[in-house]
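In: Return a 3D structure for these sequence lines:
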Amino acid sequence: MRWTLGFMFVGAALVAGTGHAENSVRGCLTAYQAWKNAGGDVADCLRECDGVAVKADLLAQCEKGATEKRAAAEKEKRAAAEEPKRAAEEKPKRAAEEKPKRAAAGKKRRAAQRAAKRTAAENEQRAAQKATKPAKKARLRERIAAERAATAEQNRRAAAEAERKRAAAEGVPDDAVAAASMNQVTTVEPQPGAVLFPTSAHRPALVYIPGTGSQGFLMGSPEGEHGRDQDEDQHRVVLSPFLLTATEVTQGQFAALTGQRPSYFGGSDALPAERVSWYDALAFANRLSAREQLTRCYELSNPKGQAFRGLSEGNPGAIGNYTVDASPVLDRFGRWRCTGYRLPTESEWEWAARGGTTTRYWHGDAESDLAAAGWYADNSKGKTHEVAQKPRNPFGLYDVHGNVWEWCYDGYDPTYPTTKQGDPLGPRNGAIRVLRGGSWFLGASRARSADRSWWHGQVRFRLAGFRLARQVPPGSSPTE
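Out: Alright, predicted model coming up:
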């Protein structure tokens, strides 16, 4: 308000002045107003107001503004000049402040990594424990069965000894007592699939195959089964318990007993032995029986051709067609009278492969069930695979579907019996012998439990191998 009244007074006083003075005052006022509104230049203000006596106070204001502006510019210049120095001075300080933060972040990251590793290890341990639970339960069941069988055997022997003493006191011959003791039936039998004899260098482990019971089982396939052939008519068969190797005889086991490796595929001792004929399998069984001091199951005579070196029957020599007259060692009732090794009969093979099931494959009816249980044309990649890589069936057997065909003892007859059979041996004579189980080369229908194949017994080819059977020795009990 004071400045406004002053300007009004100055304007009124100079109304009568000269034009030059009036213009000088007006220019000074205009320059000052522009400078005050921050839109003009200080130099203009100084220039316009210089020499206007009545405007001495305005000139002082312009000079003060110019001084402040120069001071501000100088201050900014000094600040810009000092900025790199401050930045250089603050850098170590910022680094010192950041160091604990980085250390804390690194510590946190390492702790998280250790926690993740511990979690992964714990998950892996839990998975391993979960995977081993069924095996532990199976071993526990087998141990319990073994203990029960041992107890039953002790009881049987004690009863037999008591009976012998009683008979001796009554004058009954010892032979009669022995016969009565042998006819006693053990009340506790091993579980299906229990290992009675562990794997050796010359053969796979032997597992217990239970009998069928008096009702038997339906051998063959129902009429509606997919892939069924005309030689699979269903009929009932009653079988006694027996032992069967858990896997096919491997190349390593065949070589350990014979010194020969006839197989087409190689690379692992755990691959199944193949390019082995039916006659070779009989000779191998007899040789293994002799090695384990068991009685042989076949009388082999009149050899023709050349056997593998290392097999006692036939002429030693290179691989070639080999045949021999083979007679099973039977008692007067037509039952096996040997304690050694033999090929399973066709009915024994099917009962064992099914494992108590009635589906196309022991794992189910679908082809996906076959793929889960065995190696066949669609998943073998054109070769055999190491034994026991797929799950075992309910009777403890591996690879009953696929991998290699398995020789059976029977000669091939396209017509099954129509009546109920008990421990049948099948046709004993004939050059054509039964093959079961399919192979790595064949399709899904050939791997069915009921499928029947056949070939000349002297032929050695890469599709066929074998597994061995044996009678159940008295007093047998499972092993670990």
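In: all contacts plus neighbour counts: C-alpha atoms, from now on.
Out: Noted.
In: How many residues are close by Ala131?
Out: Ala131 has 11 neighbouring residues, counting by other C-alpha atoms under 10 Å.
In: quick one: contacts for it?
Out: Neighbour list for Ala131: empty [criterion: C-alpha atoms under 8 Å, 6 or more residues apart in numbering].
In: And it, how close does it get to Gln191?
Out: Counting by C-alpha to C-alpha, to the nearest Å, the separation of Ala131 from Gln191 is 21 Å.
In: Repeat that for Pro394.
Out: On the measure of C-alpha to C-alpha, Pro394 and Gln191 end up 10 Å apart.
In: Gly457 too?
Out: Distance from Gly457 to Gln191, by C-alpha to C-alpha: 34 Å.
In: neighbour-wise, which of these two wins?
Out: Using other C-alpha under 10 Å as the criterion, Gly457 and Gln191 rank with Gly457 on top: 23 against 20.
In: Buried residues in stretch 105-125, which are they?
Out: Residues of stretch 105-125 include none that count as buried (16 or more other C-alpha atoms under 10 Å).
In: quick one, domains of this structure?
Out: Following the assignment in automatic domain parsing, the chain carries domains at 2-67, 140-188, 191-470.
In: For the stretch 251-400 of the chain, which segments are assigned as strands?
Out: Taking DSSP state E, counting those that start in this stretch as the criterion, the stretch 251-400 of the chain carries its strands at 298-308, 315-317, 322-328, 341-342.
In: Worst mean pLDDT among the ones you listed?
Out: Per-stretch mean pLDDT for these is lowest at strand 315-317 (a mean of 35).
In: got a pLDDT number for the residue nearest to Asp413 when sequence neighbours are not counted?
Out: Spatial nearest neighbour of Asp413, chain neighbours left out: Pro427 (7.1 Å); criterion: C-alpha to C-alpha, 6 or more residues apart in numbering. We have a pLDDT of 91 for Pro427.
In: what secondary structure does Pro427 sit in?
Out: What DSSP: H, G, I helix; E, B strand; the rest coil gives for Pro427 is coil.
In: go on, Thr119?
Out: Under three-state DSSP, Thr119 comes out as helix.
In: Can we start the residue count at 9 from this point?
Out: Will do, 9 is the new start, and the previous item becomes Thr127.
In: Now the residue nearest to Val215 when sequence neighbours are not counted: phi and psi?
Out: With sequence-adjacent residues excluded and distances taken as C-alpha to C-alpha, 6+ apart, Val215 is closest to Val203, at 4.3 Å. The phi/psi pair for Val203 (degrees, to the nearest 10) reads phi -80, psi 110.
In: repeat for the one 10 residues further on
Out: The main-chain torsion angles of Ala213 are listed as degrees, to the nearest 10 and equal phi -60, psi 150.
In: is it true that it touches Leu251?
Out: No: assessed by C-alpha atoms under 8 Å, Ala213 is found out of contact with Leu251, at 9.7 Å.
In: contacting residues around Arg122?
Out: Arg122 neighbours (C-alpha under 8 Å, 6+ apart): none.
In: quick check, it in a strand?
Out: No: if the criterion is three-state DSSP, then Arg122 is helix and not within a strand.
In: follow-up on the earlier one: who has more neighbours, Ala213 and Leu251?
Out: Here Ala213 and Leu251 are compared on neighbour count by other C-alpha under 10 Å; more neighbours surround Leu251, at 26 against 20.
In: who touches Ala254 in this structure?
Out: If you count contacts by C-alpha under 8 Å, 6+ apart, Ala254 has them with Pro212, Ala213, Leu214, Val215, Gly404, Leu405, Tyr406.
In: Give me the neighbour count for the third one.
Out: Right, Leu214. Using other C-alpha under 10 Å, Leu214 is surrounded by 26 other residues.
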